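A.B. asks: Sequence unavailable; structure follows:
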């Protein structure tokens, strides 16, 4: 799986860099024109795009060579060891963060944490009661530390406005 | 030159002292907890430091950075589970000692060695940073540009077999850094008509996503491994004789101090390599190399001294050059930037209390951590038994708070989420993300100095070879790039072939 994801990522970066490189004039626009090449705002992005494209191409070729050699996966150089992580639960985690961003505006920060953390913990395989207790404790701690301690301000829940 | 009065005087305020204490304890906890590194914790807490005085904010993050080194040693020795990659070497001799009933001795050795390493590197930093920043203050745009380029080459080279992937990620970081209004020409770059993108993509939510969200997704989605039980026997009271034992190996101690501090200065290398080098150097020089890996105290001294000696070296390039060497120091640069302080050669003249306060804080943090761990090592070690799924959920919620508070809007959360998905995909694909962060941080210095240099020379690249310091830096860049080619062409020695 890791090699297929690596190929997909590198191909994605290569494609994006080619599109950006070809349409650079369209996406870098503004007041200045007629500047010397070395003063242009396009110079550095072009160098960065070239680096991305060359790096992605070299990595794709390397992955192809490694596949031909039929070896195992490369040694892990990533900072996070993702071996053994399960796709559906990763999707649940992403959905949880999206839900937090959407729910906080409607029902407030603490209830959102209780709902999302509780559901996530339960989905991850923890019992319903333990997940609920965990979510309540976590929400209380986060409120005490960040809202009261560090003065992080969250928007007032819109549901209160609707109730009147 | 390091002035201890200025340095320790700067620490004498309640917020700074509380931040040092909180950071140290949190660092130990982070080092012990399974699956969380100091990078994740520092990324999540960075937005919280905005309201603190600069030295308090940096003290909190430095405490986490150094505390994680110590915390990693506790679980390595007691339950053979290194909290950090840099603690693996400590495990080889520490755990066998714990198994034969010498856990207290192994821990005392590890803590004392780490203390020596940490204090030595802080003192070296204090003594060297001033003169180095005096030298680098003579740097013009060409030299700044090449110094940043050299740092990026070192970072890509540090990934050896993944060089192409690291170069690609550096490019992505540089490219992401160009989003927004160009400060020199006022042109819009990759803003796609979105107002939010005009001020660029913010560093903090990106870092929170790449490290925090990605790690949380992995922790939530993995089946937990069976926890290793703590030793039943009590650890016993710490003994002074064990604490002084590292001094019985003066050569190993000195060699490890030099390796740790030296490698800490080099961008992108990291403490895991310094502990490995120091450990095997000690083994090679030992009269009894066979005992390494079976509970030889000298192995712990070598690994832990080199491990903690990294912390001072890693701060040197930030303070003297304004160039971070790893992801953690890159994130710490955020504290400087938020407070309008420019890290680099002028820091010592503009903010002496802050610059010398950092050295003093590093020394104080090592002492605070040591006191905490000498008496509370076993209760702290129990934290390693925490189910990673709890941690994953908690980290995800912390990332939400961190992302939100970085911009005081959901914009930060969406960026953290996008970066988190990218970070997770990179982790699955085993593509490193640290080069992306460093490309993002260094991109601004690199671009502005490159354009300044070329404007001065009216587009002539020869300016990079006509200035002596620039020419030396350029030669270093070329050598760093060509060294692997030379190593490939050179016939391998018999022992290398065996390895």
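C.D. replies: Received the coordinates, thanks. In this text, all values refer to a predicted model and were calculated from it rather than measured experimentally. Residues are numbered from 1 along each chain as shown, chains lettered A, B, ... in the order given.
A.B. asks: dump the residue contacts of residue B:181.
C.D. replies: With contact set as C-beta atoms under 8 Å, 6 or more residues apart in numbering or on different chains, residue B:181 has these partners: A:30, B:187, B:188, B:189, B:191, B:198, B:199, B:200. Glycine gets a C-beta too; all of them are placed from N, C-alpha and C.
A.B. asks: tell me the secondary structure for residue B:441?
C.D. replies: helix (DSSP: H, G, I helix; E, B strand; the rest coil).
A.B. asks: Do I have it right that it meets residue B:329?
C.D. replies: No. Checked against C-beta atoms under 8 Å, the pair residue B:441 and residue B:329 is beyond contact range at 9.2 Å.
A.B. asks: Disregarding residues adjacent in the polypeptide, which is nearest to residue A:125?
C.D. replies: Excluding the flanking residues, the one nearest residue A:125 by C-beta to C-beta, 6 or more residues apart in numbering or on different chains is residue B:389, at 6.6 Å.
A.B. asks: wait, doesn't residue A:114 sit right on residue A:137?
C.D. replies: No. The pair residue A:114 / residue A:137 is not scored as a contact, 9.9 Å apart, by C-beta under 8 Å.
A.B. asks: Compare neighbour counts for these two and give me the winner.
C.D. replies: Neighbours around residue A:114 and residue A:137, counted as other C-beta atoms under 10 Å in any protein chain shown, are more numerous at residue A:114. The numbers are 19 against 13.
A.B. asks: The more buried one is in what secondary structure piece?
C.D. replies: Residue A:114 belongs to helix A:109-123 when assigned by DSSP states H and E.
A.B. asks: which residues make contact with that helix from outside it?
C.D. replies: In contact with helix A:109-123 (C-beta under 8 Å, 6+ apart) are residues A:89, A:92-93, A:96, A:99-100, A:103-104, A:107, A:128, A:130-132, A:134-136, A:138-140, A:142-143, A:147, A:154, A:157, B:220, B:389-390, B:393-394, B:396-397.
A.B. asks: buried subset of these?
C.D. replies: Among those, those classed as buried by 16 or more other C-beta atoms under 10 Å in any protein chain shown are A:89, A:92-93, A:96, A:99-100, A:103-104, A:107, A:131-132, A:134-135, A:138-139, A:142-143, A:154, A:157, B:220, B:389-390, B:393-394, B:396-397.
A.B. asks: Among these, name the ones in helices.
C.D. replies: Counting by DSSP state H, the buried ones among the contacts of helix A:109-123 place A:89, A:92-93, A:96, A:99-100, A:103-104, A:107, A:131-132, A:134-135, A:138-139, A:142, B:220, B:389-390, B:393-394, B:396-397 in helices.
A.B. asks: returning to what we had before: would you mind listing the buried residues in the helix holding residue A:114?
C.D. replies: Within helix A:109-123, judged by 16+ other C-beta under 10 Å, the buried ones are A:109-110, A:112-123.
A.B. asks: could you redo those as CSV and give each row pLDDT?
C.D. replies: Shown next, in CSV, are the buried residues of helix A:109-123 (pLDDT from 0 to 100):
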residue, pLDDT
A:109, 93
A:110, 94
A:112, 95
A:113, 95
A:114, 95
A:115, 95
A:116, 95
A:117, 94
A:118, 94
A:119, 94
A:120, 93
A:121, 92
A:122, 92
A:123, 91
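A.B. asks: how about the residues you listed in CSV, adding distance to residue B:479?
C.D. replies: Shown next, in CSV, are those (distance: C-beta to C-beta, whole Å):
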residue, distance to residue B:479
A:109, 53
A:110, 57
A:112, 54
A:113, 52
A:114, 57
A:115, 57
A:116, 52
A:117, 51
A:118, 56
A:119, 55
A:120, 50
A:121, 52
A:122, 56
A:123, 52
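A.B. asks: who touches the residue in chain A positioned nearest to chain B in this structure?
C.D. replies: Residue nearest to chain B within chain A: residue A:55 (2.8 Å; C-beta to the nearest C-beta). The neighbours of residue A:55, taking C-beta under 8 Å, 6+ apart as the test, are A:13, B:164, B:165, B:166, B:167, B:168, B:169, B:170, B:171.
A.B. asks: Give me the buried entries from these.
C.D. replies: Buried members of the contacts of residue A:55, counted by 16+ other C-beta under 10 Å: A:13, B:164, B:165, B:166, B:167, B:168, B:169, B:170, B:171.
A.B. asks: Format those as JSON lines; extra columns: pLDDT, secondary structure and distance to residue B:11.
C.D. replies: JSON lines is the format used below for these (pLDDT from 0 to 100; DSSP: H, G, I helix; E, B strand; the rest coil; distance: C-beta to C-beta, whole Å):
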{"residue": "A:13", "pLDDT": "96", "secondary structure": "helix", "distance to residue B:11": "45"}
{"residue": "B:164", "pLDDT": "92", "secondary structure": "helix", "distance to residue B:11": "45"}
{"residue": "B:165", "pLDDT": "93", "secondary structure": "helix", "distance to residue B:11": "42"}
{"residue": "B:166", "pLDDT": "92", "secondary structure": "helix", "distance to residue B:11": "38"}
{"residue": "B:167", "pLDDT": "94", "secondary structure": "helix", "distance to residue B:11": "41"}
{"residue": "B:168", "pLDDT": "95", "secondary structure": "helix", "distance to residue B:11": "42"}
{"residue": "B:169", "pLDDT": "95", "secondary structure": "helix", "distance to residue B:11": "37"}
{"residue": "B:170", "pLDDT": "95", "secondary structure": "helix", "distance to residue B:11": "36"}
{"residue": "B:171", "pLDDT": "96", "secondary structure": "helix", "distance to residue B:11": "41"}
